[in-house]
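Engineer: Curious how this folds, go ahead:
(2 chains)
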Amino acid sequence: MRVTVIDYKAGNLTSVVKALRYVGADVEVTDSELSLVDSAERIVLPGVGHFSATRRLDSTGLTVAIRAAITRGVPFLGICVGMQWLYSGSTEAPDQPGLGFFPEPITRFPECGEKVPHVGWNSLDARKSSRLLAGVEVGEHVYFTHSYRAPVTADTAATTHYIEPFASAVERGNVMGVQFHPEKSSTTGLKILRNFMEFA
Amino acid sequence: MITKRIIACLDVHAGRVVKGVQFVDLVDAGDPAALAARHAREGADEIVLLDITATLEGRKTLLETVRRTARELFIPFAVGGGIRSADDAADVFDAGADKVSINSAALADPTLIDAIGRSFGAQAVIVAIDARRDPDAADPTGDAQVFVQGGRKPAGRRVVEWALEAEARGAGEILLTSMDSDGTRAGFDCELTAAVSQAVRIPVIASGGAGNVGHFTDVFDRGKADAALAASIFHFGVSSARALKEQLAREGVSVRLPC
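Structural biologist: Here you go, the predicted structure:
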């Protein structure tokens, strides 16, 4: 089970790599070697922090290589900003486009007296059939830390409620994303990473 | 629904977990990696490891201890003590921490908050505030003072003002320790916690004084805390995080269960 983790200097990779290895993955990390993406069996795009960090994916040619891999059907998992990048863009960095695999924009939680960022353990509420979330029950908790979120659409695999429902997981074909941090979400998170590594 | 976090704190001195009363009289409580793993197994939502003597001894964080503790920890893991620069923070992240907690160094140079936030994101920066009320002040909570150097020295800053500056500079969370309550097991300082939590838009972790379940319901309710931190009540087997959370759930507090 080989997986290619993309390093675009958006936060720390240590936790993601550690968790993937814990579930048995053979992890290779790349920040610019496009050949590793071209030969990837599975791709994980982690990321935490500011959406503008994804600019580096464009400048290194990784965007083009990842788009081609997705077109070939290579399983892809985006985590946090890595999930947001799958969308058309984010109001956090309006001049930086996302991949556009999902057409909607990422927007900030509305101002309403609740604290933003949304930090902590929250539950996965509504669910649709999902290979990524196989065996994860409605109500299981996962760890979030973010101020921007994706809207609920037909591709949404799970929703979570903070101020209003948002897409905490997305899945269409082999393209998957989670807004939360599976590498920090205890046994539920490890189960999700294992699902990603093992689905056929 | 978002849950209230129960955070287990490991105060580390010379590579061992210790516990003090009002910041002094240290007692040995065990190995950091073993205790962190136990707390995670027993339902803690997060682990904070504070190298409590790094700043006093003028040395960097014990990276090997951080690395060993992080190895099989799959819940959020914050580390504080001895982080004086963005490079120091980078070393701690490389060793496996998800967040750093900065205190004295941020007061000495507040731009440290901006620098770490820029490189690693606001979610990775906790500003820890050691606070003491001034009983003679007209407004004991509003005028509460910040202390540095493990609580030994007044910083000449008011707590709420400093919390607001930390937020403005890009801190992702505030860890507020009441020195008056620390280690007493007599309850959190709910008034001071509420004053800070209502002033800022970022999460506030209450610390100092946890002794029983009622103290936690109180600090979540009256204290408006987003998370609460405790050390001694877990280390000596008084209660596991899971047992505590089961009791909190019965009291109507939203917590991560099962865990």
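Engineer: give me phi/psi at residue B:228?
Structural biologist: Main-chain torsions, residue B:228, degrees, to the nearest 10: phi -130, psi 140.
Engineer: my guess is it meets residue B:204, correct?
Structural biologist: No. Residue B:228 is not in contact with residue B:204 according to CB atoms under 8 Å; the separation is 9.8 Å. Every residue, glycine included, has its C-beta placed from N, CA and C.
Engineer: Run the chain-centre distance for the helix or strand encompassing residue B:49.
Structural biologist: Under the criterion of DSSP states H and E, residue B:49 resides in strand B:46-51. Strand B:46-51 sits 7 Å away from the centroid of its parent chain (CA atoms, centre = their mean, to the nearest Å).
Engineer: So which residues of the stretch 101-250 of chain B form helices?
Structural biologist: B:104-108, B:111-120, B:159-169, B:190-199, B:213-221, B:232-235, B:241-250 (DSSP state H, counting those that start in this stretch).
Engineer: and the longest one, what's its mean pLDDT?
Structural biologist: The predicted model assigns helix B:159-169 a mean pLDDT of 97.
Engineer: Give me the residues contacting that helix.
Structural biologist: B:106-107, B:110-111, B:113-114, B:117, B:127, B:129, B:131, B:141-142, B:144-146, B:155, B:174, B:176, B:192, B:195-196, B:199-202, B:204 (CB atoms under 8 Å, 6 or more residues apart in numbering or on different chains).
Engineer: Buried residues, that helix. List them.
Structural biologist: The neighbour-count check on helix B:159-169 (16 or more other CB atoms under 10 Å in any protein chain shown) flags B:159-160, B:162-167, B:169 as buried.
Engineer: Could you give the average pLDDT over stretch B:64-78?
Structural biologist: Mean predicted confidence for stretch B:64-78 is 95.
Engineer: and the stretch 51-200 of chain B, which residues reach chain A?
Structural biologist: B:70-72, B:74-76, B:93-96, B:98, B:120-124, B:172-173 (CB under 8 Å from any CB of the partner chain).
Engineer: What subset of those is buried?
Structural biologist: B:70, B:74-76, B:93, B:95-96, B:98, B:120-124, B:172-173.
Engineer: So which of those residues belong to strands?
Structural biologist: Counted as lying in strands by DSSP state E, out of these, are residue B:173.
Engineer: Assign the residue of chain A positioned farthest from its centre to helix, strand or coil.
Structural biologist: Here the centre of chain A is the reference, and by CA atoms, centre = their mean the most remote residue is residue A:113, at 27.4 Å. Three-state call for residue A:113 (DSSP: H, G, I helix; E, B strand; the rest coil): coil.
Engineer: same for the strand holding residue B:49, what does it pack against?
Structural biologist: Contact analysis of strand B:46-51 by 3 or more CB pairs under 8 Å, 6 or more residues apart in numbering or on different chains; DSSP states H and E lists strand B:5-13, helix B:32-41, helix B:63-70, strand B:77-80 as its packing neighbours.
Engineer: Before I go, just wanted to say thanks for your time.
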